[in-house]
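quick check, what structure comes out for this input:
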Amino acid sequence: MPLPPKLVILDRDGVINQDSDAYIKSLEEWIAYPQAIEAIAYLTQHGWTVAIATNQSGIARGYFDTATLDAMHEELRHQVSRAGGEIAHIAYCPHGPDDRCDCRKPLPGLLQQVHQALGLSTLEGSWMVGDSLRDLQAGQAAGCHAALVRTGKGVRTEQKGQGLENVRIFDDLASFSRWLIPDDA
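Alright, predicted model coming up:
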């Protein structure tokens, strides 16, 4: 039986960068949490593959276009690279909630895209880290362990308390990464 992949899949808004109920619509509005950039670097420096699975319905809603999203992701990759890390793949859903796609979380389609893009035999044993219940549900549907961070919408998600069975909860991505890979590892 093959070993599970050393893969961490991250939601973007609220986990890696500040979130907004009005959507992150421009490169200027995309503001990374410095600790999250360092955490991604820490994970990759310790042999973990990091990918992103993010709903971006602002595209379907006409708030921004794919060129703007690409610019945000290029800046994310640049910041992570400068910190000594790497993002292996970014999967995003450009659809709105009523588009009936198979990629919008809580469905596992984005995670399956990551699985295929990285050529993995399974996602079982991987981690899905998010700040909302739909992130955790997508991860669990794909066979991943689930971790909730309290950044972004995480505190609200935790306070609702629904669907958090078998979910580990952390203050932020940095505390998750230090738990996953202790300093003495």
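
just the CA trace of the longest helix belonging to the chain, in CSV.
The longest helix of the chain (DSSP state H) is helix 66-82. What follows is helix 66-82, C-alpha atoms only, in CSV (Å, rounded to 0.1, in the frame of the first residue of the first chain):
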residue,chain,number,x,y,z
THR,A,66,-9.2,36.0,-14.5
ALA,A,67,-6.3,38.3,-15.3
THR,A,68,-6.8,40.0,-11.9
LEU,A,69,-6.9,36.6,-10.2
ASP,A,70,-3.8,35.5,-12.0
ALA,A,71,-2.0,38.7,-10.8
MET,A,72,-3.0,37.9,-7.2
HIS,A,73,-1.8,34.3,-7.6
GLU,A,74,1.5,35.5,-9.2
GLU,A,75,2.1,37.8,-6.2
LEU,A,76,1.3,34.9,-3.8
ARG,A,77,3.8,32.7,-5.6
HIS,A,78,6.4,35.4,-5.5
GLN,A,79,6.0,36.1,-1.8
VAL,A,80,6.1,32.4,-1.0
SER,A,81,9.2,31.9,-3.2
ARG,A,82,10.9,34.8,-1.6
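
direction included, what does the next helix or strand after it pair up with?
As assigned by DSSP states H and E, the chain's next helix or strand after helix 66-82 is strand 89-93. Strand pairing for strand 89-93, determined by DSSP bridges: strand 49-55 (parallel).

which residues touch the partner strand?
Strand 49-55 is contacted from outside by 5-13, 16, 40, 43-44, 76, 85-93, 104-105, 110-111, 113-114, 117-118, 128, 134-135, 138, using C-beta atoms under 8 Å, 6 or more residues apart in numbering. For the C-beta atoms, the positions are set from N, CA and C on the backbone; glycine is no exception.

same question for stretch 69-77.
In this structure, residues lying in contact with stretch 69-77 by C-beta under 8 Å, 6+ apart are 12, 16-17, 24, 27, 30, 32, 52, 56, 59, 87, 90, 92, 94.

so how far is that stretch off the chain centroid?
Here stretch 69-77 shows a centroid-to-chain-centroid distance of 14 Å under the convention C-alpha atoms, centre = their mean, to the nearest Å.

which parts of it are buried?
The neighbour-count check on stretch 69-77 (16 or more other C-beta atoms under 10 Å) flags 69, 72, 73, 76 as buried.

make TSV out of the residues you listed and add distance to residue 173.
Formatted as TSV, the buried residues of stretch 69-77 follow (distance: C-beta to C-beta, whole Å):
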residue	distance to residue 173
69	21
72	17
73	17
76	13
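
ok, so of the residues you listed, who is nearest residue 158?
Distance to residue 158, by C-beta to C-beta, is smallest for residue 76 among the buried residues of stretch 69-77, at 25.2 Å.

for residue 147, see how far away that closest one is.
Remark: distance between residue 76 and residue 147 (C-beta to C-beta, to the nearest Å) = 20 Å.
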